[in-house]
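Peer 1: Provide a 3D model corresponding to the input given below.
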Amino acid sequence: MQPTQTESSSEYATQALSDEKNATQNNDFTFFDKKWAYEGTDLGFNYSPTGTTFKIWSPTATSVKLISYGTNTDPTAPQVSVTPMTRGTSATPNDHATNTIGVWSLTVPGDQNGMVYAYELTYDNGTVNDYAGSTYGTLSTSPVINITNDPYSIATTQGGNRSVVVSPASIASNLVLAQGKSATWR
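Peer 2: So this is what the prediction gives:
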């Protein structure tokens, strides 16, 4: 019998958490990084007029959901929808570009330019908790749910707590990149 998405996610999260605790105790993340690292270049949102794919790396999470606030950029706007994301299934520790076992993803069809969003991440008991006034390094005695912006976002609402999908065509920039000898301020 195949495990359900929830069962396999919980099992993977439990193993990742155990590996993370060992790495923290030994101050050596070599094994954790080898097993759980992801080097894909597609984290964050990947916009297309026909659909936007959202990806976040969180191997110790037991579930991740995408929260949409529609296109309302008010930082107190209510949620429009909450959609579960799917954990990757490729465990390839020798090829971190394809090692998606700790990556959660979801594709939302249609043109999502301007969509305001955040992630809801759930961690089981024992997760190191450094939120809500707790002391860093203390273990939670119950599941921990964190709502966060996209760490790879290129735009946020006022206050930075929610991310915004921005199509490449919507970005106007007069930024001039200077490298090497053209970087005269060095």
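
Peer 1: What pLDDT does the model give residue 1?
Peer 2: What the model reports as pLDDT for residue 1 is 35.

Peer 1: which of the residues in the longest helix along the chain are buried?
Peer 2: What stands out as the longest helix in the chain, according to DSSP state H, is helix 5-26. Of the residues in helix 5-26, those with enough neighbours to count as buried (16 or more other C-beta atoms under 10 Å) are 9, 10, 12, 13, 16, 17, 19, 20, 21, 23. C-betas here are computed from N, CA, C, even on glycine.

Peer 1: Now flag whichever of those residues is closest to residue 38.
Peer 2: Nearest to residue 38 among the buried residues of helix 5-26 is residue 16, at 11.9 Å by C-beta to C-beta.

Peer 1: Can you classify the residue lying closest to that closest one once chain neighbours are set aside by secondary structure?
Peer 2: Nearest non-adjacent residue to residue 16, counting by C-beta to C-beta, 6 or more residues apart in numbering: residue 59, 3.9 Å away. What DSSP: H, G, I helix; E, B strand; the rest coil gives for residue 59 is coil.

Peer 1: which intervals of the protein have sub-threshold pLDDT?
Peer 2: Within the chain, the stretches with pLDDT under 70 are 1-8, 125-140, 173-179, 183-186.

Peer 1: how about the residue nearest the centre of the chain, what does it touch?
Peer 2: In the chain, the C-alpha closest to the average C-alpha coordinate belongs to residue 56, at a distance of 2.5 Å (C-alpha atoms, centre = their mean). By C-beta atoms under 8 Å, 6 or more residues apart in numbering, the contact list for residue 56 reads 43, 44, 64, 85, 103, 104, 119, 121, 150, 151, 152.

Peer 1: same check, this time on residue 47
Peer 2: 112, 113, 165, 166, 167, 168.

Peer 1: where along the chain do the strands fall?
Peer 2: For the chain, strands defined by DSSP state E occupy the ranges 44-46, 51-57, 63-68, 81-84, 86-87, 103-109, 116-123, 128-129, 138-139, 144-148, 163-164.

Peer 1: was I right about residue 110 contacting residue 68?
Peer 2: No - the pair residue 110 / residue 68 is not scored as a contact, 11.6 Å apart, by C-beta atoms under 8 Å.

Peer 1: For these two, indicate the residue with more neighbours.
Peer 2: Each of residue 110 and residue 68 has its neighbours counted (other C-beta atoms under 10 Å); residue 68 has more, 19 against 11.

Peer 1: where's that one relative to residue 77, distance?
Peer 2: 10 Å (C-beta to C-beta, to the nearest Å).

Peer 1: anything in contact with each of those two?
Peer 2: residue 116.

Peer 1: hang on, the earlier thing: could you measure the residue nearest to the centre of the chain against residue 26, distance?
Peer 2: In terms of C-beta to C-beta, residue 56 sits 26 Å off from residue 26.

Peer 1: for residue 42, same thing?
Peer 2: From residue 42 over to residue 26 the distance is 31 Å, taken as C-beta to C-beta.

Peer 1: Before I go, just wanted to say thanks for your time.
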